[in-house]
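K.L.:
when you get a sec, could you give me coordinates for this:
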Amino acid sequence: MMVIKSKRTVMRAALLSSMLTLFFLLQPALSQQTVRLATGNDYKPFTDKSLPQGGMITAIVSHIFKKMGYIPEIEYLSWDRGYVLSEQAAFQGTFPYVKTPERLDDFYFSDPIFTIVTRFFVLADSDVVFQSDSDLQGLTACKPLGYHLSDIQTLLDWGIIDLQRPNTMESCFRMLKLGRVDLVPINEHVGWEVVKQIQGEKGLFRVLERSLQETGLHFIISKQHHDALDLLNRFNTILEQMLEDGSLDHIVNQYLSRD
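P.N.:
Residues are numbered from 1 along each chain as shown. This next block holds a predicted model:
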């Protein structure tokens, strides 16, 4: 009887050991937290719900949070609404955003995910030149609501240009096509993507050679989050690793290689 009891004890111990091993193997998956992030549409190739993986920056941000052990849950909202809700800490963060003094008051910014150059789009047959700011005197620019104005703020402050603010970048290019505005300031990647949507070819528009601004696109977290800096430090660490191991370039090339 003692032998039988001993065998049963060994079998029970082995079964318990197997169950504990399975529990600990499954524990990382069970402990993963969902992180709610906000972004917007109409910013191809960087972010748009219709793009593979939601666009280039969306794919990078998602990859980083997965590496951090989170399950990213991304919502596409209007830029104004996504920004306000993120500022109120309804989302863990939002992207992609350019640094401005106003935004720095309310948000912490990640290291740059990607660097963009902003230029003016004009009609191909336009006689507009941009050698000095005074060349733009009396012209009207177009930039949608929710987009930063830091690249043209000086021109606005000095009264050199006027500004129209529709809801989408596509509306700006349609207004440019119809002659209702003279300039659309936007980085070339986004600009040419919008042009494809509205007419299918690049021949109707051109960009002015002189650039307005070179700046980074960032992931941002509201200062209202108690763990914002810790989360951002982890985000930056993985972003740096992606730069070093080439995985960041791999994602970027999937979206920009054709450009």
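K.L.:
sheet partners, orientation included, of the helix or strand containing Val117?
P.N.:
Per DSSP states H and E: Val117 is located in strand 114-123. Within its sheet, and counting by DSSP bridges, strand 114-123 is paired with strand 184-187 (antiparallel), strand 205-207 (antiparallel), strand 213-222 (antiparallel).
K.L.:
winner for burial among those strands?
P.N.:
Mean neighbour count (mean count of other C-beta atoms under 10 Å) peaks for strand 184-187 among the strands paired with strand 114-123, with a mean of 24. (Glycine included, C-beta is placed from N, CA and C.)
K.L.:
looking at it, Ile251 is touching Ile64, isn't it?
P.N.:
No - here Ile251 does not reach Ile64: they are 10.5 Å apart, not a contact under C-beta atoms under 8 Å.
K.L.:
of these two, give the one with the bigger neighbour count.
P.N.:
Set Ile251 next to Ile64 and count neighbours by other C-beta atoms under 10 Å: Ile64 wins out with 23 against 18.
K.L.:
what residues are up against the more buried one?
P.N.:
Ile64 is in contact with 235, 238-239, 242, counting by C-beta atoms under 8 Å, 6 or more residues apart in numbering.
K.L.:
just curious, which of these is nearest to Ala59?
P.N.:
Met242 (11.2 Å; C-beta to C-beta).
K.L.:
check the secondary structure at that closest one for me.
P.N.:
helix (DSSP: H, G, I helix; E, B strand; the rest coil).
K.L.:
what count of nearby residues applies to it?
P.N.:
For Met242, the neighbour count with other C-beta under 10 Å is 19.
K.L.:
list the contacts for it?
P.N.:
60, 63-64, 248.
K.L.:
at 7 Å what do you get?
P.N.:
Residues in contact with Met242 (C-beta atoms under 7 Å, 6 or more residues apart in numbering) are Leu248.
K.L.:
now do Val194
P.N.:
169-170, 173.
K.L.:
and the helix or strand encompassing it, how far from the chain's centre?
P.N.:
In this structure, Val194 sits in helix 188-199 according to DSSP H and E. From the chain centre to the centre of helix 188-199 is a distance of 17 Å (C-alpha atoms, centre = their mean, to the nearest Å).
K.L.:
list the buried residues for stretch 137-150?
P.N.:
Neighbour counts over stretch 137-150 (16 or more other C-beta atoms under 10 Å) mark 139, 141-144, 146-150 as buried.
K.L.:
per-residue confidence at Leu20?
P.N.:
With respect to pLDDT, Leu20 scores 48.
K.L.:
I should have written Trp79 there, sorry.
P.N.:
For Trp79, the predicted pLDDT is 91.
K.L.:
name all residues that make contact with it.
P.N.:
With the criterion set at C-beta under 7 Å, 6+ apart, Trp79 makes contact with 40, 146-147.
K.L.:
and Ser86, by the same measure?
P.N.:
Here Ser86 is in contact with 38, 93-94, 222 (C-beta under 7 Å, 6+ apart).
K.L.:
repeat that with 8 Å
P.N.:
With C-beta under 8 Å, 6+ apart, Ser86 has these contacts: 38, 93-94, 107, 220-222.
K.L.:
distance check, the closest residue to Ser110 other than its chain neighbours against Leu232.
P.N.:
Spatial nearest neighbour of Ser110, excluding adjacent residues (C-beta to C-beta, 6 or more residues apart in numbering): Phe219 at 4.2 Å. Distance, Phe219 to Leu232, using C-beta to C-beta, to the nearest Å: 8 Å.
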